[in-house]
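Asker: this is a predicted model, with the sequence first.
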Amino acid sequence: MTAVLTVAMPKGRIFEEAADMLREAGYPLPPEFEDNRKLIVEAPEAGMRFILAKPMDVPVYVEQGVADVGIAGKDVMIEEERDVYEVLDLKISTCYLAVAGLPGGIKDKVAPKVATKYPEAASKYFREQGEQVEVIKLNGSIELAPLIGLADRIVDIVSSGRTLKENGLVEYEKIMDITSRLIVNPASYRLYSDTIHTLVERLRKVTDSKEAAR
Ligand SMILES: Nc1ncnc2c1ncn2[C@@H]1O[C@H](COP(=O)(O)OP(=O)(O)OP(=O)(O)O)[C@@H](O)[C@H]1O
Ligand SMILES: O=P(O)(O)OC[C@H]1O[C@H](OP(=O)(O)OP(=O)(O)O)[C@H](O)[C@@H]1O
């Protein structure tokens with residue numbers, strides 16, 4: 001039997017690309033899907049029910065089992081480390097996580113301050129590099145921190161590189177490439193294995209055909 005899946009969708013940047021991809025995969029979403037402020041949207045023809053969440057919260061809904069599947073950036077996955085299965089790289093919302101700061105930033109400072117929206121990911125990265133840093137958590141406008149002396153470096157997402165450039169900052173090192181992932185609640189994966197398997201395979205076809213067209 002085909003189950004109705006509850007899907008945790010990230011509001012914001014990823015939303016549109018993810019919705020387009022689901023449509024391409026053959027899941028008809030209502031035309032008003034994109035332009036209302038409802039947080040729960042039924043899509044019976046797709047056999048889905050969507051909950052629209054803050055990107056950072058998507059793995060929480062999926063881990064807790066109130067959503068069967070979800071779409072989350074790899075940045076969110078490494079920051080949150082939730083008990084969910086990451087089953088497919090959707091290859092959308094491409095960007096990367098990097099260390100940046102002022103040009104010629106002091107490299108040999110003891111325990112430099114690092115401002116970031118990703119304290120766990122940043123701490124892990126510097127630990128692996130064998131470098132001691134003091135991590136300062138911010139919620140946005142990360143590029144401000146080195147400009148006003150709050151931090152020596154930042155760990156943040158880079159996409160076009162425009163924000164760094166326009167604020168006179170430079171990239172020191174790339175940490176990792178980021179794309180969005182399809183994630184699944186482990187119990188749902190067992191309970192609704194056929195429906196979830198079909199979803200994964202259909203989405204995989206879309207990513208593969210996009211890859212082939214490149
Ligand atoms: N230039 C970018 N900046 C930030 N995130 C990006 C960028 N490009 C792609 N992404 C992806 O989009 C996700 C963030 O989306 P979005 O900016 O809508 O959410 P947010 O960070 O919670 O924003 P806000 O706090 O402003 O609501 C990230 O998890 C990342 O995977
Ligand atoms: O390389 P770019 O294309 O310039 O994109 C990167 C910028 O976009 C994000 O910020 P966002 O717009 O989400 O604002 P925020 O500062 O509120 O997080 C990110 O934190 C960078 O600041």
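Answerer: Thanks, I have the structure now. Residues are numbered from 1 along each chain as shown. Ligands and ions are numbered 1, 2, ... in the order given.
Asker: only C-alpha atoms for contact and neighbour calcs from this point on.
Answerer: Will do.
Asker: surely Y96 touches I178?
Answerer: Yes - under the criterion of Cα atoms under 8 Å, Y96 makes contact with I178 at 4.9 Å.
Asker: when these two are compared, which one has more neighbours?
Answerer: Taking neighbours as other Cα atoms under 10 Å, Y96 and I178 compare with I178 leading, 21 against 18.
Asker: what sits against the more buried one?
Answerer: 73-75, 93-97 (Cα atoms under 8 Å, 6 or more residues apart in numbering).
Asker: distance of it from ligand 2?
Answerer: 12 Å (Cα to the nearest ligand atom, to the nearest Å).
Asker: and that residue, how far from G104?
Answerer: Using Cα to Cα, to the nearest Å, one gets 26 Å for the distance from I178 to G104.
Asker: I196 too?
Answerer: Going from I196 to G104 by Cα to Cα gives 50 Å.
Asker: out of the two, which sits in the busier spot?
Answerer: The neighbour count for I196 versus G104, taken as other Cα under 10 Å, is higher for I196 (21 against 9).
Asker: can you list the buried residues in the helix or strand hosting that one?
Answerer: Here I196 sits within helix 193-213, counting by DSSP states H and E. Neighbour-count burial for helix 193-213 flags 195-196, 199-200, 202-204, 206-207 (criterion: 16 or more other Cα atoms under 10 Å).
Asker: just those residues now: which is nearest ligand 2?
Answerer: For the buried residues of helix 193-213, the residue nearest ligand 2 by Cα to the nearest ligand atom is T207; the value is 22.8 Å.
Asker: now T6: how far from ligand 2?
Answerer: For T6, the distance to ligand 2 - Cα to the nearest ligand atom - is 26 Å.
Asker: over to S209?
Answerer: Distance from S209 to ligand 2, by Cα to the nearest ligand atom: 26 Å.
Asker: again with P59
Answerer: Counting by Cα to the nearest ligand atom, the gap from P59 to ligand 2 is 19 Å.
Asker: and that residue, its phi and psi?
Answerer: Main-chain torsions, P59, degrees, to the nearest 10: phi -60, psi -30.
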